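# Here is a sequence with its predicted model. Questions after.
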Amino acid sequence: MTTKQFIQNLENTFKGCLDIAKTKNIDYANSNNPFKNFEMSLQVGVNPDRAILVRLSDKISRISNLLNREGKIKEERLEDTIDDAINYLAILKAYKSK
């Protein structure tokens, strides 16, 4: 892979992740509070930033498992799980900056 191909790959990844985040935010939150679903964790005594980390840790665990074998859920490929992890890091960054 050349540097140009590498940069293009990153651009494609970030664009795809942004598209996923926009779509999922419509399903999980609302226009007044993009963190609504994460703030539900307060009902069980967990801070939203920690709830985001829990979801990220789930993705990291899945990535670790999928590096060694093919997953059974075809709609959640390794690449999809990596994109989800990228998004959780971006969500955490956005949440901490609000």
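Sure thing, it's come through.

# And for D58, the neighbour number?
14 (other CB atoms under 10 Å). For glycine as for every other residue, the C-beta is placed from the backbone atoms N, C-alpha and C.

# Got phi/psi on it?
phi -60, psi -40 (degrees, to the nearest 10).

# low-confidence ranges in this structure?
71-75 (pLDDT under 70).

# Give me the nearest residue to N33, chain neighbours excluded.
E39 (7.2 Å; CB to CB, 6 or more residues apart in numbering).

# hang on, the one you found packs against N30?
No: E39 is not in contact with N30 according to CB atoms under 8 Å; the separation is 11.4 Å.

# Give me the more crowded residue out of the two.
Taking other CB under 10 Å, E39 and N30 do not tie; E39 has more neighbours (14 against 10).

# Look at the more buried one and tell me its secondary structure.
Counting by DSSP: H, G, I helix; E, B strand; the rest coil, the backbone at E39 sits in helix.

# From I63, how far out is it?
In this view, E39 and I63 are 26 Å apart by CB to CB, to the nearest Å.

# Please apply the same query to P34.
25 Å.

# repeat for S57
To I63, S57 is 11 Å away according to CB to CB.

# do A21 as well
18 Å.

# Alright, I will stop here.
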